[in-house]
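**Q** here is a sequence with its predicted model. Questions after.
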Amino acid sequence: MSNTVQEIVNRFSQLGVELSEKETGERLEKLTSEFKVPIGEAKRSVVNYFLKEHDIDRSQYYAGSTNDITAIQDINQEGQWVTLKVKVVQLWEANNESIVQVGLVGDETGIIKFTMFQGVTIPEPLEEGKSYLVKTAVTGVWQDKYQINMNKATGITEIEEDVEVGTGDIISIQDINQEGQWVTLRVKVTQLWDANNESIVQVGLVGDETGIIRFTIFQGVTIPEPLEEGKSYLIESAVTDVWQGRYSIKLNKATSITEIEEDVEVSIQTAEFTGVIVDVQNGSGLIKRCPECNRALAKGVCTEHGKVEGVYDLRIKAVIDDGKTTQEAIINKELSEELTNITLVEAKDMAIEALDHNIVTDRIKSKIIGRYYTIIGTKIDRHLIVSEIKALPKITKEAVDELLSQLHTTQTEGSTTHSTLDCVAIEQSKNTNEEAL
C-alpha cells in the first residue's frame, strides 16, 4: 500500500499539489480495512477525492501519468493506469452489451486479457495481428490474473511497428501451477490419442525432464505437419487449463509450434499396480463430453463453454487396493469396453431403455468390483492413466486354503496382522462354496 500512496502523492506533486502522505495513507487504509474495498477501487476513490478537493480535471491527472510505456510483465497491481504497445493476439466474442471487444494482447514480455468497454473512441475495431499504442488503460483482475480495461479515458492508435509477442522464458512442466497461464515449453510428444470431435486436431501427452502433461491442439493452429510421437518441439503461447483435476495445455491459433533437433529427455512416470478394485467413482460409466474442449459435462454444462450438446463417451474411474495403499485409475473407452464387454453403443441403448444413465455404472460395478487386476499406465499426479489392464487368474479354493494356512501359522507365532488384499480373498472364500472365485 505504501507504493500506492507514494504513486498518488508523486503524481499530484507533478501537478503542483503537495499532498500529505499520512492523510493519503489513512484514507486508503480506511477504505481497504474498514470497508473492505479492493485496493484498485480504493485508489481511484482517493484520487477522485483529491482531484475534486483541488479542482483538477480527471483527464489532466491521467493524461500525463502514462507517458512511459509499461511492459505487460511489469503489471503488478489492480487499478494501475498504463500505456502499452501491443499486438492483438486473439479476439473473443463479447457476451455483454457493455463490452465492445474482448480478447488477448501481447508484447515482448507476455500476453494479457483486455476488455474494451462502451465509450472508447476508435476509428475501426481492433484486428488480430495488428499492433496498437494503448494509452490510459487501467489494470484489473480477472480469474485471479491481471487484465487491462479500456474505457472512455483510453486512447488507441494503430502503429506500423510489428510488435513481437513473447511468453517469457521457457518453463518446466512441473512449474505450471495455475489455470489460464500463457507458457512456452520445450517438450517431446510421448503419446497421441484419437481426437473425438471436429474442433480438435490432435490430443495426447507431451513431457520434459520434470513431468508429463496432456495437450490439445484446436482448429486454427498453424503447423507444417502433425505432431509425431518421439519428436521434440518448442511450443510458444500455449495456455494452461485443468482437465480431470490436473493441469493441461491448450494450443490454439495464438500458439506457435516449431520442431527442434534437440532430443528432449522425458521423465515418464510409468507405473504398474496390482490389487482389487474396491470402488468405481462418480463420473464413471456413460458420460457426455463437450464437443469443443472434450471436458466431461456436469448436467449438460461445460465449465468452459456453458450448456452444450454433449458427445457420449465411456470411462471408468476406479480405485484399486493392494492391501497397503490405494491407487486411483482412469480407464478410457476402449479399455472399458474390453474390460466389461459393454460397448459404447450398448451402454447408450441400456440408458435409453432404462431412462437412467446410472444403470451403466451399476452394471460396470457388478462386473469389476471385488476382482483382481494388474494395471499399467502413466502416473500423473494421484491418477494412473491406464494403457493396459490384465485380469489376474481366478483364485481357487486350494489357493485360499493355502492362504488361510499361512495366516494361521502367522497367528500362532504371535502376529495377527494381514493385508486388506488377504482379507478380501478370505471374504470371497466365505461367499463361495466349492467353486473357484
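**A** Right, received. Where do you want to start?
**Q** off-centre distance for stretch 271-281?
**A** What separates the centre of stretch 271-281 from the centre of its chain is 26 Å, taken as Cα atoms, centre = their mean, to the nearest Å.
**Q** need the contact partners of that stretch.
**A** Outside stretch 271-281, the residues within contact range by Cβ atoms under 8 Å, 6 or more residues apart in numbering are 316-323, 326-329, 361, 364-365, 368-379, 384, 392, 421, 424. In short, each C-beta sits where N, CA and C put it, glycine included.
**Q** mind checking which of those are in strands?
**A** Counting by DSSP state E, the contacts of stretch 271-281 place 316-321, 326-329, 372-379, 384 in strands.
**Q** give me the buried subset of these.
**A** 316-321, 326-327, 329, 372-373, 375, 377-379, 384 (16 or more other Cβ atoms under 10 Å).
**Q** what's the closest of the residues you listed to residue 296?
**A** residue 317 (10.0 Å; Cβ to Cβ).
**Q** check contacts around the closest one.
**A** For residue 317, the residues meeting the contact criterion (Cβ under 8 Å, 6+ apart) are 280-284, 328-331.
**Q** what mean pLDDT does stretch 84-101 have?
**A** For stretch 84-101, mean pLDDT rounds to 88.
**Q** how about the strands in the stretch 101-250 of the chain?
**A** Chain-ordered strands for the stretch 101-250 of the chain, with DSSP state E, counting those that start in this stretch as the definition, fall at 110-117, 131-142, 145-150, 155-159, 182-193, 200-208, 211-218, 232-243, 246-251.
**Q** would you mind writing the CA trace of the second one as PDB?
**A** What that stands for is strand 131-142. Listed in PDB are the C-alpha atoms of strand 131-142, where the atom choice follows Å, rounded to 0.1, in the frame of the first residue of the first chain:
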ATOM      1  CA  SER A 131      -0.200  -3.500 -33.400                       C
ATOM      2  CA  TYR A 132      -1.500  -0.600 -31.300                       C
ATOM      3  CA  LEU A 133      -0.400   2.000 -28.800                       C
ATOM      4  CA  VAL A 134      -2.900   1.900 -26.000                       C
ATOM      5  CA  LYS A 135      -2.900   5.000 -23.700                       C
ATOM      6  CA  THR A 136      -4.500   5.300 -20.300                       C
ATOM      7  CA  ALA A 137      -5.800   1.800 -19.900                       C
ATOM      8  CA  VAL A 138      -6.400   0.600 -16.300                       C
ATOM      9  CA  THR A 139      -5.400  -2.700 -14.900                       C
ATOM     10  CA  GLY A 140      -7.900  -5.100 -13.300                       C
ATOM     11  CA  VAL A 141      -8.100  -8.700 -12.100                       C
ATOM     12  CA  TRP A 142      -9.900 -11.500 -14.000                       C
END
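**Q** related to what we said a few turns ago, can I have the buried ones of the contacts of residue 317 as a PyMOL selection?
**A** Under the burial definition 16+ other Cβ under 10 Å, those of those that qualify are selected in PyMOL by:
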select buried, resi 280+284+329+330+331
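**Q** output the contacts of residue 317 in TSV, with distance to residue 31 and pLDDT appended to each entry.
**A** Conversion of the contacts of residue 317 to TSV gives the following (distance: Cβ to Cβ, whole Å; pLDDT from 0 to 100):
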residue	distance to residue 31	pLDDT
280	52	95
281	47	94
282	44	91
283	44	90
284	50	94
328	47	93
329	52	94
330	48	93
331	54	95
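**Q** closest to residue 80 out of the contacts of residue 317?
**A** Taking Cβ to Cβ as the measure, residue 283 is the one of those closest to residue 80, at 41.7 Å.
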